[in-house]
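Student: Using only what follows, build the 3D model:
(one chain, ligands or ions: 1)
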Amino acid sequence: MGEALAELVGVEHSYRTKGGSVPALGPLDLRVEAGEFVVVVGPSGSGKSTFLRVVSGFEHPTSGTVRLLGRPPVPGRDIGVVFQQPRLFPWQTVGDNIGTALRWAGVPRADRPQRIVELLTQVGLGSLGPRRTWEISGGQQQRVAIARALAAQPRLLLMDEPFAALDAMTRERLQEDVRTLTDEGSRGVVFVTHSVDEAVFLASRIVVLTDRPGRIALDLPVPLPRSGITADELRGSAEYAALRGEVATAVRSVAV
Ligand SMILES: Nc1ncnc2c1ncn2[C@@H]1O[C@H](COP(=O)(O)OP(=O)(O)OP(=O)(O)O)[C@@H](O)[C@H]1O
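Tutor: Numbers count the residues shown, from 1 in each chain. Model (predicted):
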């Protein structure tokens, strides 16, 4: 077995409301290893966001344990998080948004300008550092959010439907770039989506959640190549179509 970045054992979560307790997630066990790109897919309301909040430590599970790199999760440490909305600081330039994340990550001031350039280059925005956040497109804003999440060089990146608000073409381009984030092997990504296409394209492993409370209905390795093939070839391949069919059937069968 490889190194566990995240380990969930017997995790369950319920929300307390005026009317009583709403079971949202689990019980579930899941181990995410370095180099894995795990996409969690499930119907609306199946607990995908709850799952990410529990993994990140923003929410304590009602029962069970979560370990990130062997320790209880501390929000903001060990992980980077990308949300559906980029949540950039509008009073700062693109570069300063990343500079702030670097400051929070404890990167010395003198090293920050160089790191800002590196991170912007990594997400394909090399020259946009001086721009204001409202002067760039939605797709570019989400790229800045990804650069910001990578600033602390987290071993685990959590992504909560990050492309849901983007147009189809921008979404595909971002998917192509994000797919490479685990290539170097020491990072893991956990990405939640309700899109089967997105899951099959991005994942090295797909986890399908049941309807609420979300439990693991299917945990499937994705045998599609991760290099040496263009995105169009991959999306057009018979293996991609077969897997998409299998996952779509699983998602349909758990939706009520
Ligand atoms: N703060 C809360 N209080 C009470 N119930 C909640 C709360 N947050 C979520 N829930 C309920 O828990 C369940 C899981 O919600 P969650 O947002 O995790 O699902 P999801 O799979 O991310 O949904 P979607 O795909 O629609 O974003 C839902 O039925 C939701 O109504």
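
Student: all helices for the stretch 151-256 of the chain, in order.
Tutor: Secondary structure of the stretch 151-256 of the chain (DSSP state H, counting those that start in this stretch): helices at 168-178, 196-202, 231-235, 238-254.

Student: Low-confidence regions, this structure specifically.
Tutor: Scanning the chain for pLDDT under 70 picks out 256.

Student: Mind splitting it into its structural domains?
Tutor: The record's domain split for the chain, according to automatic domain parsing, is 1-76+195-256, 79-154.

Student: Rebuild these as a markdown table, extending it with distance to the ligand and mean neighbour count.
Tutor: (C-beta placed from N, C-alpha, C; glycine too.) Listed next are the domains of the chain as a markdown table, based on distance: least, Cβ to the nearest ligand atom, whole Å; neighbours: other Cβ atoms under 10 Å:
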| stretch | distance to the ligand | mean neighbour count |
| --- | --- | --- |
| domain 1-76+195-256 | 3 | 17 |
| domain 79-154 | 8 | 18 |
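
Student: could you dump those domains to a markdown table with distance to residue 186?
Tutor: Putting those into a markdown table (distance: least, Cβ to Cβ, whole Å) gives the following:
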| stretch | distance to residue 186 |
| --- | --- |
| domain 1-76+195-256 | 5 |
| domain 79-154 | 10 |
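
Student: list the contacts for residue 54?
Tutor: 8, 11, 13, 25, 60-61, 66 (Cβ atoms under 8 Å, 6 or more residues apart in numbering).

Student: Same question for residue 98.
Tutor: Each residue near residue 98 by Cβ under 8 Å, 6+ apart is listed here: 115-116, 119-120, 129, 144, 147-148, 151.

Student: where exactly do the strands run in the protein?
Tutor: Taking DSSP state E to define them, one finds strands in the chain at 4-17, 20-33, 37-41, 63-68, 79-82, 156-160, 188-193, 205-209, 216-221.
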